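Colleague: I would like to see how this sequence folds:
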Amino acid sequence: MNTENGNVRLVKVDTKNFDELIDLAPDKSQYAFVASNCYSLAEAYANITNGRYAQSFGIYNGDTPVGFLMIGFDIADDEADRKKYPLLTNNYLIWRFMIDKDHQKKGYGKAAMKLALDFIRTWPCGEAEYCWLSYEPQNDVARKLYRSFGFVEAEKMPEGWDEIPAVLKL
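Modeller: Below you'll find the predicted structure:
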């Protein structure tokens, strides 16, 4: 997707781009809003080795890494989670989404979110009814971005969650 600042694209994380993506980070004031990319990649690995789907991407403007994205599918830990949190079952999750501190406010987040949803709609794990995500209540920038794509906040937060879940009907 072209933005006024270049060509935004998603690139799967591999051994060639791993290090440069690990080095990306949000502004210090945003650290509480998103896990580090290193933690996210470790979490993706743990989920993949347990038979779940997790796909990580670098967000690039041309050849420059500007952010990180992780998508999951069907992430319920067990049958109890499936019953308690139906969104975790057979639905896509935008698990992580961050734009590096040096590349914010340039349109990359909006362009990358569109690309993420386009990718999800290729149904890499099969068709689903919803895509969901969650964010910290204080993260107004994320809330505004997600709402602009049609994500709707859950009326009631699931028990034990400190983040706000938001859902998009696919």
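
Colleague: show me what residue 67 is bridged to.
Modeller: Per DSSP bridges, the residues bridged to residue 67 are residue 59, residue 99.

Colleague: that one and residue 115: what is the separation?
Modeller: 11 Å (CB to CB, to the nearest Å). In short, each C-beta sits where N, CA and C put it, glycine included.

Colleague: residue 119 falls within a helix, correct?
Modeller: Yes - under DSSP: H, G, I helix; E, B strand; the rest coil, residue 119 sits within a helix.

Colleague: helix/strand/coil for the closest residue to it other than its chain neighbours?
Modeller: Leaving aside its chain neighbours, residue 119 sits nearest to residue 10 (6.6 Å; criterion: CB to CB, 6 or more residues apart in numbering). Three-state assignment for residue 10 (three-state DSSP): strand.

Colleague: which residues touch residue 10?
Modeller: 57, 58, 59, 60, 69, 112, 115, 116, 119 (CB atoms under 8 Å, 6 or more residues apart in numbering).

Colleague: how many residues are close by the second one?
Modeller: Using other CB atoms under 10 Å, the number of residues around residue 58 comes to 23.

Colleague: likewise the third one?
Modeller: Neighbourhood size, residue 59 [other CB under 10 Å]: 28.

Colleague: ok, back up a step: ok, so of the contacts of residue 10, who is nearest residue 37?
Modeller: residue 58 (9.1 Å; CB to CB).

Colleague: about what we covered before: which of residue 67 and residue 115 has more neighbours?
Modeller: residue 67 (26 against 17).

Colleague: any idea how far that one lies from residue 126?
Modeller: Applying CB to CB, the value for residue 67 to residue 126 is 27 Å.

Colleague: what do you get for residue 159?
Modeller: Here the criterion is CB to CB. By it, residue 159 lies 28 Å from residue 126.
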